[in-house]
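**Q** what's the 3D shape of this:
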Amino acid sequence: MIKLNSLDSREDFKFDLWEKALKDPDFRKDLVSNPAAVLENELGTDLAKIIKLEIHEESPKDMFFVLNFNPKPPQEKALITIEPNETLEGVLVKKAWKDPAYHEKLMSNPRNMLTEEFGLTLREDINFRIFEEDFNSMHIIIRKDEPRVESQEDLLEDEISDQELDNVTGAGLWEKIIKIVNTGGSPQSGKSGCGTCSSASGVRG
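**A** Numbers count the residues shown, from 1 in each chain. Below is the predicted model of the structure:
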């Protein structure tokens, strides 16, 4: 059962729903069209009443970002470290967790923060939105063109290409943003250190 006061439990639950949607087209359809009903079926009526689940389908021109809820108290958030190989997404989320002023700037103008933090400027034709979670809300991002896989273990098979792996895991999302900005076209495959991230997820502390 999900623990709402646990960051890992929340992210695991979101990932499980995302992975199930990846395997089962009917479940994916239900998840997108009626997330409240899916939540009630997964968690039961009582818990589902206090959580709002929103699903966002991401396309090449729609780029979404989740600032996930971190239930840790402020003194623990202040101790969160940003690793040298941190993904761009990880940098934004962790800095927002640690610094209220940074959080406010990120939420008010995420496009400007990409420029300020990384020197990036998104093309005007890209719809870039940020969704913030709180204790009672969760957001899952599902890409419209995500390939279907039989199981998570399939990701480890040699026949899965780098491009398929990136599409399924969401690896290198922000690295792909860089390539979109630089090339003006579709991003190419590229591995990153975010091998356990998913479109479903935010960042773990």
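
**Q** check contacts around residue 65.
**A** With contacts defined as C-beta atoms under 8 Å, 6 or more residues apart in numbering, the neighbours of residue 65 are 89, 92, 110, 128, 129, 130, 131. C-beta: built from backbone N, CA, C; applies to glycine.

**Q** with residue 67 instead?
**A** By C-beta under 8 Å, 6+ apart, the residues touching residue 67 are 92, 93, 96, 103, 106, 107, 130, 131, 132, 133, 202.

**Q** bridging residues for it?
**A** The residues listed as beta-bridge partners of residue 67 by DSSP bridges are residue 132.

**Q** how much space between it and residue 34?
**A** In this structure, residue 67 and residue 34 are 25 Å apart, going by C-beta to C-beta, to the nearest Å.

**Q** re the thing from before, which of the contacts of residue 65 sits closest to residue 26?
**A** Top of the list for closeness to residue 26, among the contacts of residue 65 and by C-beta to C-beta, is residue 131 at 25.2 Å.

**Q** thought that closest one was touching residue 139?
**A** Yes. Residue 131 is within contact range of residue 139, at 4.3 Å (criterion: C-beta atoms under 8 Å).

**Q** more crowded one of these two?
**A** A count of neighbours by other C-beta atoms under 10 Å puts residue 139 above the other of residue 131 and residue 139, at 24 against 17.

**Q** note down every partner strand of the helix or strand harbouring the more buried one and its orientation.
**A** Under the assignment given by DSSP states H and E, the secondary-structure element containing residue 139 is strand 137-143. Within its sheet, and counting by DSSP bridges, strand 137-143 is paired with strand 52-58 (parallel).

**Q** and the strand it pairs with, how far out from the chain's middle?
**A** The chain centroid and the centroid of strand 52-58 are separated by 11 Å under C-alpha atoms, centre = their mean, to the nearest Å.

**Q** list the buried residues for it?
**A** Using 16 or more other C-beta atoms under 10 Å as the burial criterion, the residues of strand 52-58 that qualify are 53, 55, 56, 57, 58.

**Q** which residues touch the second one?
**A** Residue 55 makes contact with 31, 32, 35, 139, 140, 142 under the criterion C-beta under 8 Å, 6+ apart.

**Q** nearest to residue 82, of the residues you listed?
**A** Taking C-beta to C-beta as the measure, residue 139 is the one of the contacts of residue 55 closest to residue 82, at 22.4 Å.

**Q** for residue 32, see how far away the closest one is.
**A** For residue 139, the distance to residue 32 (C-beta to C-beta) stands at 13 Å.

**Q** show me what contacts residue 54?
**A** Counted by C-beta under 8 Å, 6+ apart, residue 54 has contacts 35, 131, 137, 138, 139, 140.

**Q** let's see it at 6 Å
**A** residue 139 (C-beta atoms under 6 Å, 6 or more residues apart in numbering).

**Q** can you show me the strands along this structure?
**A** Counting by DSSP state E, the chain has these strands, from start to end: 52-58, 62-67, 127-132, 137-143.
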